[in-house]
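Undergrad: Provided below are the primary sequence and the corresponding predicted coordinates.
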Amino acid sequence: MKRILIERNRYFDSVFLMRISHELEQLPNVGKVVVAMGTPANLENLEKAGFVITGESSEAIHPNDLVIAIEGESDDAIEGANEHLQLLLTGPTLGEGAAAGVPRPMTLSEAIRTDPDANLALISVPGAYAAREARQALRQGLHVMLFSDNVSVEDEIALKDEAIDRGLLMMGPDCGTAILNGAPLGFANVVRRGPIGIVGASGTGIQEITSLTHRLGGGISHAIGSGGRDLSSNVGARMSLFAIEALVADPKTDVIVVVSKTPAAAVAEKVVEALTATGKPGIVQFVGGGKREAEGDVAFAETLADAAELACTAAGIQPVVSTDAEPAHDLAGFAGRVHGLYCGGTLCQEAWSLMQRAGIDVRSNVAGDPETKAHPEMEVSGNVLWDLGDDAFTIGKPHPMIEPSLRDDEVVRCAEDNAVGVILVDCVLGYGAHPDPAGSLADAAKRAIEAARQDGRNLLIIASVTGTDDDPQNRSRQVAALTEAGVLVAPSNAAAARWAVEAMNGGVG
């Protein structure tokens, strides 16, 4: 049975609600649970998840209303889930901080009065209201990191133009990662300070480069996210160009790195021209881009790992580790197709591009080429790489970086397909990510490898781990857990993709 409850004017952050939805699904006799704000998009996703809002519940649901949809085997199970939900909602909201008298402002104006020295607003509200909140923040003289998505291109352009006129950063919309003056924002990793500045229209791209830079011995001055659409033909790299100017003026930044998912060609050239004119060494990594000769002081990296190495070299830092070591054991004997399961969209796109360039016919939902584009509803019989963070996979579910059970379940399911010989995965650490992603992945890997062995075949699981030992999850511990489970851990996302190609070529690199 299913029940839908509406609680009027009770707002919570969407990431928090996705976390507790998953926790409620673990209760006995409880099935699907969706706890979300009553935005039109969420209500549509609710129906796709099998919950139909009828009668009084459907009347005048507003975006600030909390919608609770619970499937349970009995009324008692549903009541128990709702009681547990109320504890979860009141705990984080009225917990230790509030009990100690810490102010909890409910509006932007209240927040500014509470802390008049604040100079940045991180905004995560439904997309329909995000532009308004961002505009108010800019007009209060605040830099903005706009985590929200579903903001129109027209609003994005207007917000960025206003921010630039005011000399402010407008990071986003859909900006998930930034590091400013050593302060991590959103999904960011713990890295040392240093002379390398990054401008990124790619969240996990920033995470991979900053983490590898740290592990190579380098450090980050700032990592400025610009939002995934910034290098599109419509937006025209407005914030990326502004951020480059900011890093040029920063005396603590000696090297500037620009990273983006595949950009519009004309916009990409505009960014390269701006970087060439800075007078500082520059590194460009357009994911999916091929080899290209350096232009002046600007070098072009083939991979995210190459970008980190080139940046460290340009900063006079001798790398202390390798980002492309040889695998720990022979890659021969793993016949079958490759199945990639990614939490990071940019990491998936990089792997897809590297495999394509190596002559592997592989489909993906991040592919730019329509002929190799895959969709979740398609039956794909050949090699495929899935970005599991795509909206099609996360309706009513948390992003796999927050809750990796979606990915882990797919790992086990892949083992049941005797055509699969190699499973390629990423494991992304840092603030905001799952507290132990490798723990759950290791358990799934053990079960998958054993199931394949019982079926008389070998199954190879290759992983990359994006993060540092200073992250809350500790990269070394995560790597050790995966290795103990029989997972082959590569030193970078690019190395993992290359090892998969080698395995598919019979162990020949």
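TA: That came through fine.
Undergrad: Helix or strand: which one has the closest residue to residue 411 other than its chain neighbours?
TA: Nearest non-adjacent residue to residue 411, counting by Cβ to Cβ, 6 or more residues apart in numbering: residue 444, 4.3 Å away. Heads up, the C-betas are built off the backbone N, CA and C, glycines and all. Residue 444 belongs to helix 437-454 when elements are defined using DSSP states H and E.
Undergrad: quick one: average pLDDT of that helix?
TA: Here helix 437-454 scores 96 as its mean pLDDT.
Undergrad: just stretch 68-80 next, same as before
TA: Averaged across stretch 68-80, pLDDT comes to 93.
Undergrad: residues of that stretch that come out buried?
TA: 68-72, 77-78, 80 (16 or more other Cβ atoms under 10 Å).
Undergrad: Just the ones of these in strands?
TA: Using DSSP state E, 68-72 are the members of those that sit in strands.
Undergrad: which stretches of the stretch 251-400 of the chain have low pLDDT?
TA: Applying pLDDT under 70 to the stretch 251-400 of the chain flags residues 395-396.
Undergrad: now with 90?
TA: Judged by pLDDT under 90, the stretch 251-400 of the chain has its weakly predicted residues at 288-291, 324-326, 328-330, 332-335, 368-371, 375-381, 389-399.
Undergrad: Tell me how the chain divides into domains.
TA: Under the assignment automatic domain parsing, the domains of the chain span 2-98, 105-173, 175-323, 337-504.
Undergrad: Quick one: end-to-end length of the longest one, please.
TA: With Cα to Cα, to the nearest Å as the measure, the first residue of domain 337-504 is 7 Å from its last.
Undergrad: Tell me which two in the buried residues of stretch 68-80 are the farthest apart.
TA: Pairwise distances across those (Cβ to Cβ) peak at 15.5 Å, for the pair 69 and 80.
Undergrad: separation between residue 365 and residue 463?
TA: Separation of residue 365 from residue 463 (Cβ to Cβ, to the nearest Å): 20 Å.
Undergrad: Hmm, I typed the wrong one, I wanted residue 73.
TA: Taking Cβ to Cβ as the measure, residue 73 falls 36 Å from residue 463.
Undergrad: show me where the stretch 351-500 of the chain has strands.
TA: Remark: strands assigned in the stretch 351-500 of the chain by DSSP state E, counting those that start in this stretch are 362-364, 383-387, 420-428, 460-466, 488-490.
Undergrad: Just put the ones you listed in JSON lines and tack on distance to residue 60 and mean neighbour count.
TA: Formatted as JSON lines, the strands of the stretch 351-500 of the chain follow (distance: least, Cβ to Cβ, whole Å; neighbours: other Cβ atoms under 10 Å):
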{"stretch": "strand 362-364", "distance to residue 60": "42", "mean neighbour count": "24"}
{"stretch": "strand 383-387", "distance to residue 60": "36", "mean neighbour count": "24"}
{"stretch": "strand 420-428", "distance to residue 60": "40", "mean neighbour count": "27"}
{"stretch": "strand 460-466", "distance to residue 60": "44", "mean neighbour count": "27"}
{"stretch": "strand 488-490", "distance to residue 60": "52", "mean neighbour count": "22"}
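Undergrad: Adding distance to residue 281, write those strands out as CSV.
TA: Listed next are the strands of the stretch 351-500 of the chain as CSV, based on distance: least, Cβ to Cβ, whole Å:
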stretch, distance to residue 281
strand 362-364, 33
strand 383-387, 32
strand 420-428, 28
strand 460-466, 24
strand 488-490, 28
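Undergrad: Among the ones you listed, which comes closest to residue 507?
TA: Minimum separation from residue 507 across these (Cβ to Cβ) falls at strand 460-466, 10.3 Å.
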